[in-house]
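1. For reference, the sequence and a predicted model appear below.
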Amino acid sequence: MRLLRRRPRTFDIQVQDMVLHVTAAGDLGEETRAAALSFWEQLHAYALRDPAVRTSKRPVEVGADAPEIVREMAAAAARAGVGPMYSFRGALADHVGRFLARELDEVTVGCGGDFFIAARKRQKLTIRTESAEGRHVAIVVPPERGGLGVSTAAGGGAAPADGLAVLADSSMLAAAAAAGVRAILPKEDGLRLALAYLRRVPGVRGGVVVRGDRIGLAGGVEVAA
């Protein structure tokens with residue numbers, strides 16, 4: 001039985017040293033907390049047996065006994081060419097978002113700059129940038145019942161990009177691909193290389209990279225006015 005349609009509300013859940021920002025219909029705080037803790041416990045228990053999951057900056061293979069969400073993390077990170085923990089926040093958002101989306105048509109779960117978004121209508125997500133012009137960039141997230149992933153970041157300091165957004169089939173893949181972009185950008189001709197990289201990663205639907213007065217687009221991502 002599906003939950004009755006209710007007005008969405010936004011609430012925060014603390015999980016270890018992270019805060020999940022959730023927008024969903026109904027009073028689902030306890031269910032959300034339980035789903036988040038389930039993810040944390042599964043990852044922590046497996047990482048005790050296989051520490052490379054936590055420490056490797058490169059893709060690693062996990063054992064057949066790894067929980068499904070850990071196997072998916074490792075696979076998403078491998079597609080992006082990075083270590084599993086680069087997909088960690090996105091995987092947490094995915095795990096909680098998918099749990100809630102079993103009963104809800106619309107739900108958004110954010111962890112840092114990583115988002116799981118399931119919606120019936122197109123959504124606009126604004127990315128704050130740190131460019132000298134102080135511009136903001138918004139991307140369109142298409143409706144998808146099973147959810148899509150977006151990873152965003154604003155620059156500042158030694159960050160290689162002034163703004164970044166990656167849209168992918170899952171939040172964990174978006175997070176992993178965003179890490180790949182940040183590793184590529186400092187190279188010579190980094191913006192071009194980063195956009196080419198995003199086009200090659202299976203499951204990445206597109207991305208936006210802001211560097212100073214330059215904005216690069218990859219794939220099918222739509223920039224909103």
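-> In hand now; what should we look at?

2. Which positions in the strand ranked longest in the chain come out as buried?
-> If you go by DSSP state E, the chain has its longest strand at strand 144-154. Within strand 144-154, the residues scored as buried using 16 or more other CB atoms under 10 Å are 147-154. The C-beta positions use only the backbone N, C-alpha and C, and glycine is treated the same way.

3. quick one: the nearest residue to R58 once chain neighbours are set aside and G63, what's the gap?
-> Excluding the flanking residues, the one nearest R58 by CB to CB, 6 or more residues apart in numbering is G83, at 5.7 Å. G83 sits 16 Å away from G63, going by CB to CB, to the nearest Å.

4. what ranges do the helices span in the chain?
-> 29-49, 52-55, 68-80, 88-101, 171-184, 190-200 (DSSP state H).

5. Among these, show me which one is buried the most.
-> Among the helices of the chain, helix 171-184 has the highest mean neighbour count (mean count of other CB atoms under 10 Å), at a mean of 29.

6. With neighbour numbers in mind, choose between G83 and G63.
-> Higher neighbour count among G83 and G63: G83, with 23 against 12, using other CB atoms under 10 Å.

7. distance of the more buried one from S56?
-> For G83, the distance to S56 - CB to CB - is 4 Å.

8. Let me know whether A80 touches V181 as I believe.
-> No. With contact defined as CB atoms under 8 Å, A80 does not reach V181; the gap is 9.2 Å.

9. returning to that earlier point: I'd like to know which of the buried residues of strand 144-154 is nearest to P160.
-> The nearest member of the buried residues of strand 144-154 to P160, counting by CB to CB, is A153 at 9.7 Å.

10. Just grab the bridge partners of that closest one for me.
-> L164 (DSSP bridges).

11. Distance check, it against A66.
-> 28 Å.

12. before we move on, what about L193?
-> From L193 to A66 the distance is 32 Å (CB to CB).

13. residue ranges with poor pLDDT in this structure?
-> 1-6, 130-135, 155-159, 225 (pLDDT under 70).

14. go with 50
-> Counting by pLDDT under 50, the chain shows low-confidence ranges at 1-4, 132.

15. Got phi/psi on the residue nearest to R58?
-> phi -70, psi 160 (degrees, to the nearest 10).

16. same check, this time on V201
-> Dihedral angles for V201 - degrees, to the nearest 10 - are phi -80, psi 120.
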